[in-house]
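In: one predicted model, sequence on top.
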Amino acid sequence: MKNQQLTVLFLGGARRVSLAELLKRSGQRIGYNINIVSYELSDEVPISLVGTVVKGLKWNDPDVIDDIARVVEEYDIDIILPFVNGAIEIASICRDRMPDVFVPVTDFEMASALFDKAEAAKAFKAASLPIPRTYSVLSAQIPAIAKPRKGGSSRGIHIFRNMEDLMHLQDLGSYIVQEYIEHCREYTVDCYIDMKGEILVTVPRERLEIMGGESTRTKTCHIDILEKLSREVIEKFSLRGPVNLQFLHDLDADRYLLMEVNPRLGGGVICSIYAGAPITDYIIAEALGVELKPCDDWASGTLMARYSKEAIFYERD
């Protein structure tokens, strides 16, 4: 019997080769061939090793939704997955406008609020979630950390140890200023919530080494308080689909603090999947209308260490 086909559209999935391969394996286990199409600004990106790259528009282009709709029709897309912050809001609009495509993502209004770190911090505080002290510039206490309100991958972050330097930061209104916690550990919690709102899996992992805002070395770990906090965050903000939550453990005060909510797959989710969290299985199964079962038997202590691999492109005649 010939395998059936599903086509997944990545939005900004240029480097997600391993995730694409895991999606393909998930499909194979239930008799489906998974085709990958990725919407990118350049066609010379690693995802082309395992899928088709479509050159598209920037996320803030007014025609980007119509252009994605064109790709959906041309390639008969079944599933859309965002992989960068700017694509989350786009995916949520696609979910509303393309009812025949499975787009496991949070509603547009919530995705928009979470994309702005200052607005997200206000929402976290209003929901009584533990976060670092957040300052106006004039009330800041040193040391402090300033992060761009929008953006990711740890770009544009500044740490200040005196007020004079902080006051000279250009365009202060585009930053959020918070207490800087020097002695800490960083954690991500990889989650999947079905579109009905059932929390199917939450996997904390410590970020042991980070490069460009992504984990290059990370290890899963059962931490009850992080799993409980993660469920609280998910429920309070009605999150859906794959989500990764960022936490800090303040070692001096022994407190866990919510830093960010990213309603998308994180780069280090590969570690959680190999630990036994069936997140790619969930995506394929939910798109097909198959009943999903919660997973809590993933393996703590699973370590992922990343390495670089090259994709080579030759100049065309």
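Out: Looks like it came in fine. What you see is a predicted model; the values in this text were computed from it and never measured.

In: low pLDDT regions in the stretch 201-317 of the chain?
Out: 317 (pLDDT under 70).

In: where do the strands sit along it?
Out: Along the stretch 201-317 of the chain, counting by DSSP state E, counting those that start in this stretch, strands occupy 214-220, 241-250, 255-262, 303-305.

In: S136 is nearest to which of those?
Out: Across the strands of the stretch 201-317 of the chain, S136 has its closest neighbour in strand 255-262 (19.2 Å, CB to CB). C-beta here means a position set from N, CA and C on the backbone, and glycine is covered the same way.

In: direction included, what does that closest one pair against?
Out: In the sheet, strand 255-262 lines up against strand 241-250 (antiparallel) (DSSP bridges).

In: for the stretch 51-200 of the chain, what spans make up the helices?
Out: For the stretch 51-200 of the chain, the helices defined by DSSP state H, counting those that start in this stretch cover 64-75, 85-97, 108-115, 117-126, 163-167.

In: out of those, which comes closest to E235?
Out: helix 108-115 (12.7 Å).

In: list the buried residues of the closest one.
Out: For helix 108-115, the neighbour count (16 or more other CB atoms under 10 Å) marks F108, M110, A111, A113, L114, F115 as buried.

In: for that helix, name the packing helices and strands.
Out: helix 85-97, helix 117-126, strand 255-262 (3 or more CB pairs under 8 Å, 6 or more residues apart in numbering; DSSP states H and E).

In: which one of the buried residues of helix 108-115 is nearest to V45?
Out: Using CB to CB, F115 comes nearest to V45 of the buried residues of helix 108-115, at 22.9 Å.

In: contacting residues for that closest one?
Out: Listed by CB atoms under 8 Å, 6 or more residues apart in numbering, the contact set of F115 reads N85, I88, E89, K150.

In: touching, the first one and N262? I think so.
Out: Yes. The pair N85 and N262 passes the contact test of CB atoms under 8 Å, sitting 7.0 Å apart.

In: picking up where we left off before, will you turn the buried residues of helix 108-115 into a markdown table that also has pLDDT?
Out: A markdown table is the format used below for these (pLDDT from 0 to 100):
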| residue | pLDDT |
| --- | --- |
| F108 | 89 |
| M110 | 89 |
| A111 | 88 |
| A113 | 87 |
| L114 | 88 |
| F115 | 87 |
